[in-house]
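S.K.: Build me a model:
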Amino acid sequence: MRHGQQAPKMMGWLDHIAELRRRLTWTAATFMVGAVVAFCYSPAIVGFLTAPAKSTLVFTRPGEAFAVHFQVAMVTSLVANVPVALYHLLAFVFPGLTPSERKVVLLALGPALVLFAAGVTFSYLVVVPLVYRFFMGYAGPTLQPMVSVGAYVSFVAGVVVPFGLVFELPVVVGVLSALGLVHPRLLRRARKYAILTIAVLGALMSPGTDPFSQLLMALPLVCLYELSIGFSALVWAAKRRAAARRSAAEAAAGAAGQPG
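M.R.: Residues are numbered from 1 along each chain as shown. Purely as a prediction, here's the structure:
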């Protein structure tokens with residue numbers, strides 16, 4: 001009997017593992033197909049990424065240009081495969097979530113994608129050209145720039161990817177607020193510590209060691225932190241209104257059930 005009672009549990013775990021393996025296989029397959037397609041269009045993608053340089057880039061090693069095209073194809077496929085990976089992740093974890101948790105996750109998906117795209121776009125159109133021109137400003141008669149394509153693509157990736165990720169901060173705070181783990185009062189009290197942490201992160205995540213690029217990295221983070229406080233306040237206000245409606249409905253139901 002003991003073995004018979006453990007069999008359904010063991011089969012449940014085996015089913016979960018098989019389901020996870022199947023979804024990981026589909027995700028990896030779509031990533032590989034996307035990488036092949038992106039590699040075919042890698043010259044156009046590399047041209048787009050290097051456009052802010054507005055100068056001729058070089059490669060200093062025989063395999064550097066090929067390595068850049070390969071790297072760009074892999075990163076492009078990784079970004080394009082995010083919706084597929086999210087679909088399989090949600091399909092795997094949704095059966096174990098409560099209805100309220102599912103609602104929170106679904107409501108956060110759209111803003112998360114929009115904010116990531118906004119962070120990438122802002123960094124590519126504004127931050128990358130400004131920081132690159134600042135660095136090139138140190139050129140002179142005895143210092144002539146000769147930037148390799150590999151170094152430039154790594155520089156762009158080092159700016160664009162962190163910006164895309166940190167722009168997710170309001171969504172993360174909103175989800176944690178919806179789950180009752182973060183309150184706007186806590187965020188306001190921690191503001192000075194958050195600004196200090198942001199200054200350190202700006203220095204670590206910045207592609208350069210100069211104060212200008214560090215400020216460009218830290219200033220949007222401060223704005224995003226303030227936006228996160230607003231998101232948290234909105235979420236808690238919505239939770240209070242929902243609780244008030246439930247209390248009113250329960251009170252009305254109790255009054256209706258009492259004898260006249």
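S.K.: In this structure T76 contacts I45, no?
M.R.: Yes - T76 lies in contact with I45 (Cβ atoms under 8 Å); the separation is 5.9 Å. Backbone N, C-alpha and C define where each C-beta goes, glycine included.
S.K.: what's the overlap in contacts for these two?
M.R.: Shared contacts of T76 and I45 (Cβ atoms under 8 Å, 6 or more residues apart in numbering): A38.
S.K.: for the stretch 51-200 of the chain, what spans make up the helices?
M.R.: With DSSP state H, counting those that start in this stretch as the criterion, the stretch 51-200 of the chain has helices at 64-80, 82-93, 99-122, 128-136, 149-166, 169-178, 184-189, 191-205.
S.K.: Contacts made by the longest one with the rest, please.
M.R.: Applying Cβ under 8 Å, 6+ apart, the set of residues contacting helix 99-122 from outside is 82-83, 86, 90, 94, 97, 160-161, 163-168, 170-171, 174-175, 178-179, 220.
S.K.: Just the buried residues from those residues, in ChimeraX please.
M.R.: To isolate the buried ones among these in ChimeraX, judged by 16 or more other Cβ atoms under 10 Å, type:
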select :160,161,163,164,166,167,168,170,171,174,175,178,220
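S.K.: related to what we said a few turns ago, redo the helices of the stretch 51-200 of the chain as JSON lines? Include mean pLDDT and distance to L57.
M.R.: Shown next, in JSON lines, are these (pLDDT from 0 to 100; distance: least, Cβ to Cβ, whole Å):
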{"stretch": "helix 64-80", "mean pLDDT": "91", "distance to L57": "9"}
{"stretch": "helix 82-93", "mean pLDDT": "83", "distance to L57": "28"}
{"stretch": "helix 99-122", "mean pLDDT": "83", "distance to L57": "21"}
{"stretch": "helix 128-136", "mean pLDDT": "83", "distance to L57": "11"}
{"stretch": "helix 149-166", "mean pLDDT": "86", "distance to L57": "4"}
{"stretch": "helix 169-178", "mean pLDDT": "85", "distance to L57": "33"}
{"stretch": "helix 184-189", "mean pLDDT": "89", "distance to L57": "43"}
{"stretch": "helix 191-205", "mean pLDDT": "79", "distance to L57": "24"}
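S.K.: Need these in TSV (columns: distance to V36).
M.R.: As requested, the helices of the stretch 51-200 of the chain are exported to TSV (distance: least, Cβ to Cβ, whole Å):
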stretch	distance to V36
helix 64-80	8
helix 82-93	15
helix 99-122	23
helix 128-136	28
helix 149-166	20
helix 169-178	32
helix 184-189	45
helix 191-205	32
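S.K.: Of all the ones you listed, which one is nearest A251?
M.R.: helix 99-122 (22.1 Å; Cβ to Cβ).
S.K.: how far does the closest one sit from the chain's center?
M.R.: 9 Å (Cα atoms, centre = their mean, to the nearest Å).
S.K.: by how many degrees do that helix and helix 128-136 diverge?
M.R.: Per axes from the mean of the first three to the mean of the last three Cα atoms, to 10 degrees, the angle that helix 99-122 makes with helix 128-136 is 50 degrees.
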